[in-house]
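J.: sequence plus predicted model, see below.
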Amino acid sequence: INGLYQGAGNSYTTSKDFGKYGNPTIAITGAIELMNADKVYGSDWNIILNSVQYWELQRSRNETSGLRELPDIEALIGKGGIYYSSNITAGTGLVTAYDPNRKYFDLIIPADIQNDVGMDSRQPKLSPIYGVVYELARLRIKQSVAIATMTQI
């Protein structure tokens, strides 16, 4: 997520605390509307939240009817997912286009998985062989307007 949040081309900043029923729907659709205004269309979206907002969304119920808000949000985002991460600051979130065709962002892999195996002289009787596996990868944002931050949530 490092770089993805900072690379967002849209920001929904109206105060909509996720602890109040209805506010998560308003904030998420507000972020999607900003992306639609920039010609980012789709029926599927990913939502990334801090664990505080994630669990507020999980608990969100209408006090009168008892209806949960989460099923409506899941229907709204389609094939996308709702995730939480410690890399997202409490009170903020991220909405991205679900992009399996890599129109808006992709992952560049300049070095595929490599195995480096060799002899280890430090403990030759216990572990005469050592190894390292590595890969180089970098997120490339092609259209920053396909990413929207949510603040004051």
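T.: On my side now, so go ahead.

J.: check the gap between the residue nearest to Gln143 when sequence neighbours are not counted and Ala37 for me.
T.: Leaving out its chain neighbours, the residue that sits closest to Gln143 by Cβ to Cβ, 6 or more residues apart in numbering is Tyr104, at 4.7 Å. (C-beta placed from N, C-alpha, C; glycine too.) Summarising the geometry, the distance separating Tyr104 from Ala37, computed by Cβ to Cβ, to the nearest Å, is 15 Å.

J.: what about the two, which has more around it?
T.: Taking Tyr104 and Ala37 together and counting by other Cβ atoms under 10 Å, Tyr104 has the greater number of neighbours (21 against 10).

J.: quick check: the more buried one touching Leu139?
T.: No: the pair Tyr104 / Leu139 is not scored as a contact, 11.2 Å apart, by Cβ atoms under 8 Å.

J.: find residues that contact each of these two.
T.: Residues touching both Tyr104 and Leu139 (Cβ atoms under 8 Å, 6 or more residues apart in numbering): there are none.

J.: excluding its backbone neighbours, what's nearest Asp116?
T.: For Asp116, the spatially nearest residue (Cβ to Cβ, 6+ apart) is Val132, at 4.6 Å.

J.: what helix or strand does the one you found sit in?
T.: strand 129-141 (DSSP states H and E).
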